[in-house]
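In: Next come a sequence and a model predicted from it.
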Amino acid sequence: MRAVNTPTSADPVFTGLQPSAVWAHFATLCRIPRPSKHEEALREHLHAWAKQQGLAARVDAAGNLIVSKPASAGCEAAPGIVLQAHLDMVTQKNSDTTHDFMRDPIRPVQREGWLVAEGTTLGADNGIGVSLMLAVLEDRGLVHGPIEALFTVDEEAGMGGAQGLEAGTLKGRLMLNLDTEEWGEFYLGCAGGIDVNVSRPGGAAPMPTGHTVQTLTLRGLRGGHSGVDIHEGRGNAIKLLVRVLHGLVPECGLKLVALQGGTARNALAREAFATVAVPTGSLPALNAALGRWETLLQGELSGVETGLSLKASAPEGAMPTTVIDAAEQRIWLESLHAAPHGVKRMSVKVPGVVETSNNLGVISLTPEGGSGNFMVRSLLDSGSRALAEEIVSLFSLTGTTAQTEGHYPGWAPNPQSPLLALCQRTYSERHGQQAHVQVIHAGLECGILAAGHPGMDIVSFGPTIRGAHAPGERVEIESVGRCHALLTAILAETTRLRS
């Protein structure tokens, strides 16, 4: 068991940051690894910490941590309020960054008012939300009604914690979700989603004689959140490299040995790698073709991607002895080339917001077999299911196994939300203007939690975070302080209501 003393920020990068309690907790989160499905060390630490604080705490059957804090004196009649954030983080790093997310701490730095992880994800999504909640739980001076703090697990890998929370567990009728990433905006709705997993057994052929093996590397893309950033037209390394391979087959006689790309279903693929064999005499033609493709793709993505690189190099390690046979190669390249990626439809009801989209997040092909993952999102449950069924149909034409799983509902907006009105009024009193009200094309746990707790009034807000789900993720330091002040003010305002 890890130590459970009140956290202090030993890392000098946090020195002087305010509010100190929030940043001290975030420093602790940076020290304790918390990939999706591996949150147990952090959960155990926080469970013990809560008990040391004199708070009731329990872990449910799904692995979520629920901490209760009684109302402050005189506020016992106020409605119960749920604070909610998730413990896990997306674990993304650049291929040239040495980092073990199961063991190594996150090493943030300060850059011009931002806290940044330069070669990895930072985990501000949703570690700042967790830290805001912990600061509230330990602060004896706050005015508030009864609080339930719900720390969910497995959000980034399928929302398993929220899905597994037993209906009716939460007693509060108001909920503040702290998992959005634009300060000055309140969120009232989000997309639902569904995964499509595709796979097929392999077909190997002997490495042909007179061929040279090369590794093709496409890297330097921005990556990002597969929902929040999908409308920007950022490059997807898998789709781009498949396009290149598809074109090189007739031009250079290319034979595919392996293809790897992407590392997370909910992140835009930044890098992809293909091991290929070409006739030795075609090597100059291959390099020339790659140069043309690089120039073409850089031009197409100009203004969106500035670092795209496409290169060939000799592979490391032992030379492969087999290639993917011609029939399997054709099936995979044709299917992946035809598969959708990006925005499918913009919302008519919520102008400027993506309604339905899809992300080709991960692919892995070898002579022994292959698999891939598509993550579909939509504000309409019927929209996500329809697009998922299109992908299943496409791959089924070739006998490839294609299955949907992990569907979760969207969160339908309620513009007449009393909690929203209270949040808007509190924000306006503090800042002299109204906050924007938005619907986000990302998966929040709100829809799932609302389904299990009918009538719960939910609003989401958070600090400004950029580059979530990609190396270089950063959080604006000042916005964290503003979030903390707004959160405590909203809690105080809710005590004027009656349950």
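Out: Perfect, thanks for sending it.
In: can you pull the contacts of Glu156?
Out: For Glu156, the contacting residues are 36, 86, 88-90, 264, 266, by Cβ atoms under 8 Å, 6 or more residues apart in numbering. All C-beta spots, glycine's among them, are computed from the backbone N, C-alpha and C.
In: same deal with Asn64?
Out: With Cβ under 8 Å, 6+ apart as the criterion, the residues that contact Asn64 are 150-153, 161-162, 164-165.
In: Can you tell me which of the contacts of Glu156 is nearest Leu420?
Out: Distance to Leu420 across the contacts of Glu156 (Cβ to Cβ) is lowest for His86, with 22.0 Å.
In: which of the contacts of Asn64 count as buried?
Out: 150-153, 161-162, 164-165 (16 or more other Cβ atoms under 10 Å).
In: Just flag the most distant two among these.
Out: It's Phe151 and Gly164 that sit farthest apart of those, by Cβ to Cβ, at 13.4 Å.
In: one step back: could you identify the most distant pair in the contacts of Glu156?
Out: Of all pairs drawn from the contacts of Glu156, the widest gap by Cβ to Cβ lies between His86 and Ala264 and measures 14.8 Å.
In: In terms of neighbours, single out the busier of the two.
Out: Set side by side, His86 and Ala264 show unequal neighbour counts under other Cβ atoms under 10 Å, the larger going to His86 at 29 against 23.
In: Quick check: pLDDT value at that one.
Out: The predicted structure scores His86 at 98 on the pLDDT scale.
In: circling back to that earlier point, of the contacts of Glu156, closest to Ala326?
Out: Taking Cβ to Cβ as the measure, Ala326 sits nearest to Ala264 out of these, at 31.3 Å.
In: For Leu487, give me its contacts.
Out: Contact analysis of Leu487 by Cβ under 8 Å, 6+ apart lists 132, 136, 176, 178.
In: what about it, distance to Gly281?
Out: Distance, Leu487 to Gly281, by Cβ to Cβ, to the nearest Å: 66 Å.
In: same thing with Leu188?
Out: The separation that Leu188 has from Gly281, given Cβ to Cβ, amounts to 62 Å.
In: Counting neighbours, go ahead and name the busier of those two.
Out: Each of Leu188 and Gly281 has its neighbours counted (other Cβ under 10 Å); Leu188 has more, 21 against 11.
In: So what touches the helix or strand harbouring the more buried one?
Out: Using DSSP states H and E, Leu188 sits in strand 185-190. Residues outside strand 185-190 that contact it (Cβ under 8 Å, 6+ apart): 177, 180, 350, 379, 410-415, 417, 420, 423-424, 427, 435-444, 446-447, 459-461.
In: List only those of the residues you listed flagged as buried.
Out: Buried, going by 16+ other Cβ under 10 Å: 177, 180, 350, 379, 410-413, 417, 420, 423-424, 427, 435, 437-444, 446-447, 459-461, out of the contacts of strand 185-190.
In: count of residues packed around the nearest residue to Ala204 once chain neighbours are set aside?
Out: Spatial nearest neighbour of Ala204, excluding adjacent residues (Cβ to Cβ, 6 or more residues apart in numbering): Pro367 at 3.6 Å. A total of 22 residues lie near Pro367 under the criterion other Cβ under 10 Å.
In: which residue packs closest to Gly193, ignoring adjacent ones?
Out: Setting aside the residues directly before and after it, Gly193 is nearest to Arg377 in space (Cβ to Cβ, 6+ apart), at 4.6 Å.
In: give me the low-pLDDT residue ranges for the stretch 1-150 of the chain?
Out: Flagging of the stretch 1-150 of the chain using pLDDT under 70 yields the residue ranges 1-10.
In: still on that earlier bit, these two touch, right, the residue nearest to Gly193 and Ser357?
Out: Yes. In this structure, Arg377 sits in contact with Ser357. The criterion is Cβ atoms under 8 Å, and the distance is 5.3 Å.
In: Can you pull the residues that touch both of these two?
Out: 226-227, 230, 441.
In: closest to Gly141 among those?
Out: Minimum distance to Gly141 across the shared contacts of Arg377 and Ser357 is 37.5 Å, recorded for Gly227 (Cβ to Cβ).
In: ok, now which ones touch that closest one?
Out: The contact partners of Gly227, taken as Cβ under 8 Å, 6+ apart, are 191, 266, 354, 357, 359, 377, 440-443.
In: sec struct for it, please.
Out: Classification of Gly227 by DSSP: H, G, I helix; E, B strand; the rest coil places it in coil.
In: Ignoring the adjacent residues along the chain, who's closest to it?
Out: The shortest distance from Gly227 to any residue that is not its chain neighbour, by Cβ to Cβ, 6+ apart, is 3.6 Å, and that residue is Ala442.
In: How about the backbone phi and psi for that neighbour?
Out: With angles defined as degrees, to the nearest 10, Ala442 sits at phi -150, psi 160.
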